[in-house]
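>>> quick one, structure for this:
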Amino acid sequence: MLMARCDPMKAMFQGHFRESTSRVIAFPGVKMYAFHILLCYIYSDKVPTVEPVRCLELLELANRLCMNRLVNLVEARVIDTLQHQDRYVKEFDYYQKCVTELSKDQKEIRPTTSLQANQQTGCLCFTSKGRRESGTVADATTALCRTEPQQPPL
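The predicted structure follows:
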């Protein structure tokens, strides 16, 4: 099946290359994820869902093996995935609502101390008396810790 669907593999296995007599063939620089999807494509002529972040590995392998149809299918699959951005926005909005409700519930159960509030914002503040002076970096840092965390841009 490999030789029938992939010309470079046909040359490797039928030609006078060392791969034709080897029991194990190494593909240096090829990750298991990309090779698995390549095998799925070779055996079924379909491309499973490809993570857009990892598609370059597969595209590189497909180009290396001169598999233009696989390149086209992967590109189409990634484009299709990225065109549905609205579902990501909805999921993010739902996540934000859950976080807001969870924080409301936690505030009702027990009030947080200033140290706990600073830990929730991901900010480390030093409030020792020796470092506090008006208009210093310590005041600015403390002020930053009291602000709500910024939402990531969409």
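>>> now for residue 52, how many residues are close by?
11 (other CB atoms under 10 Å). For every residue, glycine as well, the C-beta is placed using N, CA and C.
>>> so residue 54: helix, strand or coil?
Secondary structure, DSSP: H, G, I helix; E, B strand; the rest coil: residue 54 is helix.
>>> what's the longest helix in this structure?
helix 85-109 (DSSP state H).
>>> mind showing which ranges of the chain have poor pLDDT?
Flagging of the chain using pLDDT under 70 yields the residue ranges 4, 19-20, 85-89, 108-154.
>>> can you rerun that using 80?
1-13, 15-23, 25-27, 51-52, 81-94, 104-154 (pLDDT under 80).
>>> quick one: the helices in it?
Under DSSP H, the chain gives helices at 2-5, 7-14, 32-44, 55-64, 68-83, 85-109, 114-120, 137-146.
>>> can you state the direction angle for the second one and helix 32-44?
Computed with axes from the mean of the first three to the mean of the last three CA atoms, to 10 degrees, the direction of helix 7-14 lies at 90 degrees from that of helix 32-44.
>>> mind checking how far residue 31 is from residue 16?
Using CB to CB, to the nearest Å, residue 31 is found at 29 Å from residue 16.
>>> the two: which is more packed in?
A count of neighbours by other CB under 10 Å puts residue 31 above the other of residue 31 and residue 16, at 13 against 7.
>>> let me see the contact set for the nearest residue to that one once chain neighbours are set aside.
Nearest residue to residue 31 in three dimensions, chain neighbours excluded: residue 57, at 5.3 Å (CB to CB, 6 or more residues apart in numbering). Each residue near residue 57 by CB atoms under 8 Å, 6 or more residues apart in numbering is listed here: 30, 31, 33, 34.
>>> just to revisit the earlier point, could the helices of the chain be laid out in CSV, adding distance to residue 23?
Shown next, in CSV, are the helices of the chain (distance: least, CB to CB, whole Å):
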stretch, distance to residue 23
helix 2-5, 15
helix 7-14, 12
helix 32-44, 17
helix 55-64, 22
helix 68-83, 26
helix 85-109, 45
helix 114-120, 56
helix 137-146, 61
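>>> hey, which of those helices is tucked in deepest?
The highest average neighbour count among these, using mean count of other CB atoms under 10 Å, belongs to helix 55-64 at a mean of 18.
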